[in-house]
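Novice: Structure here, sequence nowhere to be found:
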């Protein structure tokens with residue numbers, strides 16, 4: 001690495017964002033880059049050229065005033081910088097996995113949006129679903145047409161008290177019949193035969 005003391009390296013890195021950077025800045029950054037590329041070839045060889053991307057991202061981070069402010073022990077500047085590089089490698093690797101997991105839809109000459117529209121299910125019910133829905137409604141209608149209480153409650157929207165008064169029944173009697181009607185409707189809907 002460098003023969004420059006850690007305190008001087010910190011000062012040099014801090015100068016990167018000033019109007020007059022330290023003349024040794026390029027030398028310091030090249031030294032970090034050289035070490036990181038060697039580490040990348042040894043430990044992250046499967047990433048190939050992506051290690052270069054991680055190196056560049058890490059170089060930008062080590063001259064960031066926010067990152068430099070987080071350095072607690074100047075004597076550990078090399079370990080701190082290496083940690084930033086390793087995190088940059090992990091970020092690049094995560095992005096590569098995300099990108100590799102991307103599925104291309106359709107051929108090279110096809111519009112991916114159009115292909116998806118053709119392959120995805122429609123929000124509209126299919127003809128089979130429409131027929132099934134009509135059959136279920138017919139079954140419910142046949143059950144309800146025989147029951148005056150059901151007509152008053154579900155078709156006319158009357159409350160239990162109004163139904164009881166109109167049919168001269170007790171409110172509890174109306175509630176019990178409505179409960180049995182709901183159960184019968186559920187049973188009919190569960191067994192379409």
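Specialist: Perfect, thanks for sending it. Please read all numbers here as calculations on a predicted model, not as lab measurements.
Novice: Could you list the low-pLDDT ranges of this structure?
Specialist: Within the chain, the segments meeting pLDDT under 70 span 1-2, 100-108, 112-113, 115-123, 144-146, 191-193.
Novice: Recalculate using a threshold of 80.
Specialist: Counting by pLDDT under 80, the chain contains low-confidence residues at 1-3, 96-126, 140-147, 188-193.
Novice: Specify the residue ranges that define each domain of it.
Specialist: 6-100, 127-190 (automatic domain parsing).
Novice: Residue 68 and residue 62, how far apart?
Specialist: 8 Å (Cβ to Cβ, to the nearest Å). In short, each C-beta sits where N, CA and C put it, glycine included.
Novice: And for residue 20?
Specialist: From residue 20 across to residue 62, the span is 19 Å (Cβ to Cβ).
Novice: Same check on residue 54?
Specialist: Applying Cβ to Cβ, the value for residue 54 to residue 62 is 13 Å.
Novice: do the same with residue 172
Specialist: Distance, residue 172 to residue 62, using Cβ to Cβ: 79 Å.
Novice: Quick check: most distant residue from the centroid of the chain.
Specialist: What lies farthest from the middle of the chain is residue 168; by Cα atoms, centre = their mean that is 58.5 Å.
Novice: Can you tell me which residue is spatially central in this structure?
Specialist: A centroid search over the chain (Cα atoms, centre = their mean) returns residue 98, at 12.2 Å, as the residue closest to the centre.
Novice: what helix or strand does it sit in?
Specialist: helix 77-100 (DSSP states H and E).
Novice: Distance from that helix to the middle of the chain?
Specialist: When distances are taken as Cα atoms, centre = their mean, to the nearest Å, helix 77-100 is centred 22 Å away from the chain's centroid.
Novice: Skipping its backbone neighbours, what lies nearest residue 136 in space?
Specialist: Residue nearest to residue 136 in three dimensions, not counting chain neighbours: residue 189, with 6.0 Å by Cβ to Cβ, 6 or more residues apart in numbering.
Novice: And residue 21, by the same measure?
Specialist: residue 15 (4.7 Å).
Novice: What's the separation between the one you found and residue 23?
Specialist: Per Cβ to Cβ, residue 15 is found 9 Å from residue 23.
Novice: and if you look at residue 181?
Specialist: Counting by Cβ to Cβ - residue 181 and residue 23 are separated by 91 Å.
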